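**Student:** With the input below, show me the fold.
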Amino acid sequence: MSQHSGTREQWGSKIGFILAAGGSAVGLGNIWRFPYVAGKYGGASFILFYLFVVCVIGFTVMLTEMAFGKHYQLSCVSAFRQYKGGKFTFMGVIVTLIGTFILSYYMVIGGWTIKYIVSSLSGLMGEAAAGHSGDLFGAFISSPNQVLLYHVIFVLLTSLIVFGGIKGGIERVCKVMMPALFVILLVMIVRSLTLPGASKGLEFYMLPDFSKLTLEGCLAAIGQAFFSLSLGMGIMITYGSYVKKDEYLPSAVAQVCVIDTLVAVLAGFVIFPAAFAFSIEVNSGPGLTFITLPSIFAKMPGGAIWSTLFFVLFFFAAITSSISLLEVPVACLIDTMKMSRKKATVVATILVFVLGVPSALGLGSHAFDIAGKGFLDFIDFITNNIGMPVMAALTSLFVGWLIPKDILPELDSTTRVFTHKNLWLFCVRFVAPAVILVIFVTGLKW
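**Tutor:** Prediction:
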């Protein structure tokens, strides 16, 4: 039972759809987490295993979510409601909530990227050269007025893009930002590789060291692939619902996986050669981006330019993911409450902004803990380590066992037939849920 209303928005072009979905997948984790995790677990050997995981699990789950969205042409909540008189509506609600909570703190970090673009142009390099980049970051996140100001700016920019709709807003912006992101990455790679001593960083990153690829490293690769591709938070179901019926999904999904992985791998070519050139330890998380990298840029000739470029790149990665996350509750309000896009965007934006305030204020001197974690880290743990794996596994089981007959035709287009349906179905029913279960169980120990 596919319900398609004639007024549903659709992607204007295949390239627009792929760049938007790619932009959604390319996020902060590609740039600040992937290179660090790859370096820690054996460089190229980790990357090879990571590529295998993306091809098997990432591709399978993303195709499942997109085909599900394409079939019903509805938002997450409404799509799950179509089956058995709405018994599974709760799944759509949970998926939408996960995305909304992730967005609430993601936008806070998005605000930091804007602050650092401004700072790069105004005095960050001098402070970083004097070894104060850590103090500077600490002072910034401890200043509620500053953090909230940049949070508001980022929220408004995200909201404005979603306000413009699928073709006029999301697709139009991604068509500019994604190519720009690649151009900046390539320029920065050239700069990084031409630094004296860069080759040691390249060796560390590219020479496979299979002794470091432990079970823990394999699990880290699976987890990273999973979160990097925006699975289990309703985005790919929502974006799939705007796909034209004659679109061949398997090739589109493969291209999104390639874009996402390419950005993650290329980010390592910026970070490691530069870090080794100036013998700076590469650590993970916000520290790498907002403390370590400014101190690296400060040592380069024209550091302010490279720092600005990097944070613009970071901003593009953040905002293309944010618009996709905001589109999930917006689509839900349009479908279930029959709101106009503009009203739905305003309502969703206010909700997400309010949810983000504790994350914005829960750092620095205003920190408060939940279960031994700061508020932002707590929300991150609940959504990333529990919510997303559980919902991605349940969605796979739901599609694979309850509605495969409805979904299988969506894998074909009017001109092409997907010939690996049986293999895909096997992965959806058994492989993906089993692997996700392993991530889930190990993830709880982190």
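**Student:** Low-confidence stretches in the chain?
**Tutor:** Within the chain, the segments meeting pLDDT under 70 span 1-6, 283-286, 364-369, 371-372, 443-446.
**Student:** Okay, strands next: where are they in it?
**Tutor:** For the chain, the strands defined by DSSP state E occupy 369-370, 373-374.
**Student:** so which of the ones you listed gets nearest residue 139?
**Tutor:** Residue 139 sits nearest to strand 373-374 of all the strands of the chain, at 17.1 Å, using CB to CB. Where you see a C-beta, it was placed from the backbone N, CA and C, and this is true even at glycine.
**Student:** Strand partners (parallel or antiparallel) of that closest one?
**Tutor:** According to DSSP bridges, strand 373-374 forms sheet pairs with strand 369-370 (antiparallel).
**Student:** about what we covered before: of all the strands of the chain, which lies closest to residue 294?
**Tutor:** Nearest to residue 294 among the strands of the chain is strand 373-374 (22.2 Å), distances taken as CB to CB.
**Student:** Can you get me a residue count around the residue nearest to residue 436 when sequence neighbours are not counted?
**Tutor:** Nearest residue to residue 436 in three dimensions, chain neighbours excluded: residue 393, at 4.1 Å (CB to CB, 6 or more residues apart in numbering). A total of 20 residues lie near residue 393 under the criterion other CB atoms under 10 Å.
**Student:** how about residue 393, what does it touch?
**Tutor:** The neighbours of residue 393, taking CB atoms under 8 Å, 6 or more residues apart in numbering as the test, are 432-433, 436-437, 440.
**Student:** Then residue 224?
**Tutor:** Contacts were defined as CB under 8 Å, 6+ apart; by that measure residue 224 touches 29, 33-34, 37, 50.
**Student:** roughly how far apart are it and residue 319?
**Tutor:** Residue 224 is 21 Å from residue 319, where distance means CB to CB, to the nearest Å.
**Student:** Just the buried residues of the contacts of residue 393.
**Tutor:** 432-433, 436, 440 (16 or more other CB atoms under 10 Å).
**Student:** Between those, which sits nearest residue 383?
**Tutor:** Within those, the smallest distance to residue 383 is 12.8 Å, found for residue 440 (CB to CB).
**Student:** neighbours around the closest residue to the closest one other than its chain neighbours, how many?
**Tutor:** Nearest-residue entry for residue 440: residue 389, 4.2 Å, with adjacent residues in sequence omitted and distances by CB to CB, 6+ apart. By the criterion of other CB under 10 Å, residue 389 has 26 neighbours.
**Student:** likewise residue 351?
**Tutor:** Residues near residue 351, counting by other CB under 10 Å, number 15.
**Student:** which residues sit in contact with it?
**Tutor:** Contact partners of residue 351, counting by CB under 8 Å, 6+ apart, are 100, 329.
**Student:** how about the strands of the chain, which one is nearest residue 102?
**Tutor:** Taking the strands of the chain one by one with CB to CB, strand 373-374 is closest: 15.5 Å.
**Student:** what would the contacts of residue 393 look like in CSV with distance to residue 306?
**Tutor:** Formatted as CSV, the contacts of residue 393 follow (distance: CB to CB, whole Å):
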residue, distance to residue 306
432, 40
433, 44
436, 39
437, 43
440, 39
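**Student:** For residue 325, state which of these is nearest.
**Tutor:** Among the contacts of residue 393, residue 436 lies closest to residue 325 (CB to CB), at 20.4 Å.
**Student:** State whether the closest one and residue 389 are indeed in contact, as I suppose.
**Tutor:** Yes - with contact defined as CB atoms under 8 Å, residue 436 counts as touching residue 389 (4.9 Å).
**Student:** shared neighbours of the two, anything?
**Tutor:** residue 226.
**Student:** Residue 105: which of the strands of the chain is closest?
**Tutor:** strand 373-374 (10.3 Å).
**Student:** That closest one: how far from the chain's middle?
**Tutor:** Computed by CA atoms, centre = their mean, to the nearest Å, the chain-centroid distance of strand 373-374 equals 22 Å.
**Student:** Please apply the same query to stretch 352-367.
**Tutor:** Distance, centroid of stretch 352-367 to centroid of chain: 21 Å (CA atoms, centre = their mean).
**Student:** quick revisit: tabulate the strands of the chain (JSON lines), appending mean neighbour count and distance to residue 331.
**Tutor:** Putting the strands of the chain into JSON lines (neighbours: other CB atoms under 10 Å; distance: least, CB to CB, whole Å) gives the following:
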{"stretch": "strand 369-370", "mean neighbour count": "12", "distance to residue 331": "30"}
{"stretch": "strand 373-374", "mean neighbour count": "16", "distance to residue 331": "31"}
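**Student:** Quick check: the gap between the nearest residue in space to residue 349 that is not next to it in sequence and residue 7.
**Tutor:** Sequence neighbours aside, residue 159 is the residue nearest to residue 349 in space, at 4.2 Å (criterion: CB to CB, 6+ apart). Computed as CB to CB, the residue 159 to residue 7 distance reads 22 Å.
**Student:** just residue 62 next, same as before
**Tutor:** 27 Å.
**Student:** burial count for residue 333?
**Tutor:** By the criterion of other CB under 10 Å, residue 333 has 22 neighbours.
**Student:** ok, how many other residues are close to residue 262?
**Tutor:** Neighbour tally, residue 262, other CB under 10 Å: 15.
**Student:** ok, it to residue 181 distance?
**Tutor:** To residue 181, residue 262 is 11 Å away according to CB to CB.
**Student:** Also residue 241?
**Tutor:** Distance, residue 241 to residue 181, by CB to CB: 25 Å.
**Student:** Give the residue farthest from the middle of the chain.
**Tutor:** Within the chain, residue 130 marks the point farthest from the mean C-alpha position, 33.4 Å out by CA atoms, centre = their mean.
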